[in-house]
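K.L.:
A structural model of the following input is requested.
(chains A, B and C)
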Amino acid sequence: MASLNLQRNLLWIAVALAVWAALPFLVPRNIADLLVFTGIYTIAGLGIGLLLGHCGIVNLAQATFYGLGAYASAYCTVMMGWPSITGFLVGAVISMALAYVIGRPILRLTGYFLALGTLALSAIASALFFEWDWLTGGTLGIGGIPKLDLLGFVLDRPSRYYFFVWIVAFACMWAAHNLVDSRSGLMLRAMRDSSTAAAALSVDLQSLRTRVFVVCALFGSLAGSLFAHHVSFVSTQSFTVDRSITFLLIPVIGGATSIPGIVVGALFITFLPELLSKLGDVHQILFGLALVAVVVLMPDGLMGAWDRFRARLVARGGSDA
Amino acid sequence: MSLSKIARFATALAGLTALAVGAQAQTPAAGEPIKIGAIVSATGAGAGLGIPERNGLLLAEKDINAKGGIKGRPIKMIIEDDASNPDTALSKANELIFGQKVVALLGPSLTASTVAVGGVTHANKVPQIAFTGIGPAVERERKCVAHVLPPQRLNAQALLEYAKSIRATKVGVLHDAGYGNVVMAELRPLADKYGVKLVAVEKFEIGATDTTTQAAKVKAAQPEAVFVIATSATPFRNVKQIQITQPVIAAIGSSSYEYVNAMGTAADNIAIPEFVVGEDPLPHQKAFVDLYKQAYNSTPKNYEAAAWDAAHIIASALNKAGADATNEKLCEAMKAPYSGVLANYDFSADDMTGIPIGSFVFSKLVGGKYTRTPFRVSQ
Amino acid sequence: MTLSLILQAIFAGVTNGIVYALVGMGLSAIFKGSRVINAMQGEFAVIGAMTTVLLLTKSGWPYPAAIAGGALAGALVGAFIEVAFVRYMALKNASEDSFLLLTIGLALTLSASVLFFIGRDGHLLPPIGGEGVVLVLDAVIQLHALWLVAIGIGATLALRAFFHRTTVGLSMMAASIDADGAATTGINVGRMRTYTFVLGGLLGALGGILVTPLISVDYTLGLNLTLKGFAAAVLGGLTNPLGAAVGGVTLGLVESLAIIGISSSYKDVVAFSVLIVIMILMPNGILGRAGRRGG
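P.N.:
Prediction:
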């Protein structure tokens, strides 16, 4: 029985992989482009999902780290002429350091206060991105960021970049999965469900929360660097408070505790506006309504709703047999 | 809220159901229209630009087709909304260029979107005419991306020309952190050349709801004139509220009826270097203004005219190069002087715009209406 | 830096502060009564102001009637949101952040609706007390701003009296402090929550109407006001509407003094940094625990 299940699972994974690999060649270029954004948003959303689903922390500052990664890549490649990898590294190091330094005091806040604290952080960063134009190019931004080049193979179109972005996304998902499955993951959930009980078990809440915050910042920065190399242009408009809100929507819509849920959330965020925009200017109203509908009708996100639907199917199937 | 809007809302809801079923609308291939793509910000923060631009494009489409199209073939304008988001603009550009196979791309409305889209059009040599002034350094390399609004350096120059004409040598500036910052960067080095001293430069954030304190700092420096460079009505109101009585000169970015309405009585006597004064158009602008008034029952301003020009520029390039010309040929055909409604362009110029300072007209607001002043800059 | 400049900054700070306070008071009244952070509080201001503008200019109502209509619109939308969404979600024991997301979704919808149905234009209302100004040492204050401050203080005191002196207000307080206990004494906890939203909508709409003679209202205004109102409410301790009033004025003053003291470009940086520091150092708001009893 178990081996049958395993076989079936393997089969599913093989089918999913084949679909994943064939997808960019089957769809038009603009859809491939949206799939690249889905991958980038998945990476950024994963971090927020970890914080929300396993620590109960609402992080409204992800656009800050996304911006740091993007500006690091833009500055290192365009202004300094260094290889692309340096941008990724510099962005990651700065983001993680900033998350650590700011995370320690800010994460002492809880609930809505913490949400507002991160929101304030995003507002400050967004103002500084405007202000420090020697670094960020200000409103005009920095253009001409080169496409990534893997040993002479230039990732200059969405169908090529797709593979790179999604391999990074899968690596991040795997890392997130390990973190959640580990002892720290267990402690995290203990802390979310009852912080006093966890404290009694001598779990160092602060440093654990800070660690997840740092991981979240790392994911945000990676996503930002990938974004910069995809769009080849960065400007303040992409890193505002609105963008932080968009990132928060990803795990909430998909389901914060489930890693596939993040992908579903990212798909929702990228494809629904595209679909709705065919209906004319009314599309933004409809997107807002869709969001409200998901929040009201599916409290654990689309993934949670799907799980419940499946459970009901199984239950019905069981009683039939 | 009009009935027709409610009807549109209902139609859209019905359409949504159709989309959900997967019915992809296909246009029937009849008459072989030439497809021209356009991206505007019809929703979101940039809607104040995008909606007038879309009006101008649709009017131009009608006008070009009424006059026989491109050697008998009609043009078809495919207009997409980027919701004021550069990411969306990029995927819309991909759809238009690779999905719809448009011959050229008009727009987008915002600088960030323009530079992002330019990455695709430039790499694939698709002609693009942006509704923005030329932006960061990288845009100078993009020789197939033309601009129908002046570079910010020219806007700064126009402000200074007007200051010179009223003999103001000490000028205070109130500007926002976005558009205003960019113009300001050009204004600083130019001010010296005009013998103008910037006695106070105060900045405020985009979307600020109050700039009284900044305005008070400008007032305290006792300038002879005040430049306000912004894309909102707030600073203008604040300037009048704290009783700055010196002449106020606004940059073109705040020249629209929406902003003027929102300024209320504070709008009076503000001078604006711009291009189209619909109440009193220049002779070569009259035909466009009349047509626009007829179609939309409102008076056009600069953005409507810029979009109208962009559509006609690409039509004239198509007429020259032929509808089946390669992208490179079309680009080459575009790189020429063109006298438009907004200005006289020369797209072979280094800044891919080529607007001379003489194209500016200077308007003054009187009772919430624009009046054209006789002042022009001689070349 | 002259005295009149400082005075001007203080005037601006207080005027803005009162606006933040009105938005913040609505936010904290709603939070107090329902534990919901209302991310569309600023949209209430837009609804109130836009309705007043339309009634005044399109329907030709007299100004006071149009103001009453605008305030009523805010209250009605507040009631609708509670009845249509919050009640159902509360029944399902939805988490704190799903309420936050609900109101973010509603804020997006409303802002897009204003753009779609009413248009992109900014609108102004006539100032209360006329266009006149008062001069103090060269610093200018609008007559309307004085009215705004007076009405703002009046609203704050009325709110306090409402919570302390009226049966409904006391019942709302009771329902928010101990829902089960209140229910046993015969208070309809669900209805109290509806009232809370009515109150929040009313205050938000009032703030929007009062500010529209000073700054024009358009579809983008809501988010900005929400952010500032949220900050004001948190500074005041979140559960204390009176604290939100103090928080709003503090925030307004910090902002405007930062402009003359540091630089106008760092205004938001200073204001939000102060906010973070106060939240960490004074978790109960600037009025401290004593302030908790105040609202």
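
K.L.:
in chain A, which residue sits closest to chain C?
P.N.:
A:G288 (3.0 Å; CB to the nearest CB). The way it works is simple: take the backbone N, C-alpha and C, and place the C-beta from them, glycine included.

K.L.:
okay, and that residue sits in which element?
P.N.:
Here A:G288, judged by DSSP states H and E, is contained in helix A:283-297.

K.L.:
can you give me the helices in the stretch 101-250 of chain C?
P.N.:
C:143-165, C:167-177, C:179-184, C:189-211, C:221-235, C:241-261 (DSSP state H, counting those that start in this stretch).

K.L.:
residues from the stretch 1-150 of chain A in reach of chain B?
P.N.:
A:28-30, A:33-34, A:37, A:127, A:130-131, A:133, A:137-144 (CB under 8 Å from any CB of the partner chain).

K.L.:
within range of chain A, give me the residues from the stretch 101-250 of chain C.
P.N.:
C:101-102, C:104-110, C:112-113, C:115-116, C:223, C:227, C:230-231, C:234, C:238.

K.L.:
how close does B:A307 get to chain A?
P.N.:
Per CB to the nearest CB, to the nearest Å, B:A307 is found 17 Å from chain A.

K.L.:
by mean pLDDT, point me to the weakest helix or strand of the chain.
P.N.:
Let's take chain A. helix A:195-200 (a mean of 68; mean pLDDT, DSSP states H and E).

K.L.:
doesn't B:N181 make contact with A:G138?
P.N.:
Yes: taking contacts as CB atoms under 8 Å, A:G138 lies within contact range of B:N181: 5.7 Å.

K.L.:
rewinding a little: check which element follows the least confident helix or strand of chain A along the chain.
P.N.:
Next along from helix A:195-200, by DSSP H and E: helix A:205-231.

K.L.:
got the buried residues for that following helix?
P.N.:
Across helix A:205-231, burial judged by 16 or more other CB atoms under 10 Å in any protein chain shown covers A:205, A:208-231.

K.L.:
for B:L59, see how far away A:L128 is.
P.N.:
According to CB to CB, to the nearest Å, A:L128 stands 42 Å off from B:L59.

K.L.:
higher neighbour count, the two?
P.N.:
B:L59 (21 against 18; other CB atoms under 10 Å in any protein chain shown).

K.L.:
what's near enough to touch the residue lying closest to that one once chain neighbours are set aside?
P.N.:
Take B:L59 and drop its neighbours on the chain: the residue closest to it by CB to CB, 6 or more residues apart in numbering or on different chains is B:A295, 5.5 Å away. By CB atoms under 8 Å, 6 or more residues apart in numbering or on different chains, the contact list for B:A295 reads B:55, B:59, B:62.

K.L.:
name the element the second one belongs to?
P.N.:
Pointing back at B:L59 there. Going by DSSP H and E, B:L59 is part of helix B:47-66.

K.L.:
so what strands line up beside whichever helix or strand comes after that helix?
P.N.:
Per DSSP H and E, the first helix or strand lying C-terminal to helix B:47-66 is strand B:75-81. Applying DSSP bridges to the sheet, strand B:75-81 is found paired with strand B:34-40 (parallel).

K.L.:
what's the average pLDDT for the partner strand?
P.N.:
Averaged across strand B:34-40, pLDDT comes to 95.

K.L.:
for the closest residue to chain A within chain C, give me its contacts.
P.N.:
In chain C, no residue comes nearer to chain A than C:T109, which is 3.0 Å away by CB to the nearest CB. The neighbours of C:T109, taking CB under 8 Å, 6+ apart as the test, are A:285, A:288-289, A:291-292.

K.L.:
and chain B, which of these reach it?
P.N.:
A:I285.

K.L.:
the contacts of C:T109, buried ones only, as a PyMOL selection?
P.N.:
Here is the PyMOL command that selects the buried residues among those (16+ other CB under 10 Å):
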select buried, chain A and resi 285+288+289+291+292
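
K.L.:
looking at the contacts of C:T109, which is nearest chain B?
P.N.:
A:I285 (7.6 Å).

K.L.:
tell me which parts of chain A are close to chain C?
P.N.:
A:52, A:58, A:105-106, A:108-109, A:111-113, A:115-117, A:119-121, A:123-124, A:127-128, A:130-131, A:241-242, A:245, A:248-249, A:252, A:281-282, A:284-285, A:287-289, A:291-292, A:295-296, A:299.

K.L.:
now the helix or strand that the helix holding A:G288 is followed by - C-alpha only, PDB.
P.N.:
Where DSSP H and E defines the elements, the next helix or strand beyond helix A:283-297 is helix A:301-320. The C-alpha coordinates for helix A:301-320 follow below in PDB (Å, rounded to 0.1, in the frame of the first residue of the first chain):
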ATOM      1  CA  GLY A 301      -6.300  30.600   1.700                       C
ATOM      2  CA  LEU A 302      -6.900  28.800  -1.600                       C
ATOM      3  CA  MET A 303      -4.700  25.900  -0.500                       C
ATOM      4  CA  GLY A 304      -6.600  25.500   2.700                       C
ATOM      5  CA  ALA A 305      -9.900  25.500   0.800                       C
ATOM      6  CA  TRP A 306      -8.500  22.900  -1.600                       C
ATOM      7  CA  ASP A 307      -7.400  20.700   1.300                       C
ATOM      8  CA  ARG A 308     -10.800  20.900   2.800                       C
ATOM      9  CA  PHE A 309     -12.500  20.100  -0.500                       C
ATOM     10  CA  ARG A 310     -10.300  17.100  -0.900                       C
ATOM     11  CA  ALA A 311     -10.900  15.900   2.600                       C
ATOM     12  CA  ARG A 312     -14.600  16.100   1.900                       C
ATOM     13  CA  LEU A 313     -14.200  14.100  -1.300                       C
ATOM     14  CA  VAL A 314     -12.100  11.400   0.500                       C
ATOM     15  CA  ALA A 315     -14.600  11.300   3.300                       C
ATOM     16  CA  ARG A 316     -17.500  10.800   0.800                       C
ATOM     17  CA  GLY A 317     -15.500   8.200  -1.100                       C
ATOM     18  CA  GLY A 318     -14.800   6.300   2.100                       C
ATOM     19  CA  SER A 319     -18.400   6.100   3.100                       C
ATOM     20  CA  ASP A 320     -19.300   4.900  -0.400                       C
END
